[in-house]
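Trainee: just a sequence and a predicted model for now, questions to come.
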Amino acid sequence: MDTLKLIALDEEDLQILSAHLQDSVLKIGDIDYLPAEKRLVLGVNRFVWEQAANGKRHRSFERRRTALHFARVNSLKATGIDRQFKDDVLSLLSIRFILGDAPSGVIELTFAANKALRLEVEAIEAQFADLGPAWDTEFKPEHDA
């Protein structure tokens, strides 16, 4: 399967990124905030939903190493995330945008176990790119309805 590269410049684009990144896992140490550059970069292991949802039965599923980047970030706040525990694993549930004084607002990354990152941004400018080959996983994330 081909690698994905997606860009989000508005709320609708961000929802598409969120759908592709749902159930990504990362270590706290894979979060890199660069305030002088107004950037947040995360290295995640993305569950390949586009393969899992294609209607074919598979014995295994796939994950890919993916770089997620947010630009024009004025500040970052974390809830339930302690940077000293770099090996703790986070599971991404969703990414959403809360409009402020347009085009600025807050991008909220919600993780399992009531953890979150809130990015105050000048505008939505996000992208992700798969970095290499996929690897098999037998586990497909499931959520209560």
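Mentor: Happy to help now that I have it.

Trainee: any idea where the helices of the protein begin and end?
Mentor: Ranges of helices in the chain, per DSSP state H, are 11-21, 49-52.

Trainee: among those, which is nearest Phe139?
Mentor: Among the helices of the chain, helix 49-52 comes nearest to Phe139, with 10.8 Å by Cβ to Cβ. The C-beta positions use only the backbone N, C-alpha and C, and glycine is treated the same way.

Trainee: can you name the residues in contact with the worst-scoring helix or strand of the chain on mean pLDDT?
Mentor: Sorting the helices and strands of the chain by mean pLDDT, DSSP states H and E puts helix 49-52 at the bottom, at a mean of 78. Contact with helix 49-52 is made by 1, 4, 19-20, 22-23, 58, 61-62, 140, as judged by Cβ atoms under 8 Å, 6 or more residues apart in numbering.

Trainee: try 10 Å this time
Mentor: 1-2, 4, 19-24, 58, 61-62, 64, 134, 140-141 (Cβ atoms under 10 Å, 6 or more residues apart in numbering).

Trainee: could the helices of the chain go into a markdown table alongside distance to Pro103?
Mentor: Below are the helices of the chain laid out as a markdown table (distance: least, Cβ to Cβ, whole Å):
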| stretch | distance to Pro103 |
| --- | --- |
| helix 11-21 | 10 |
| helix 49-52 | 28 |
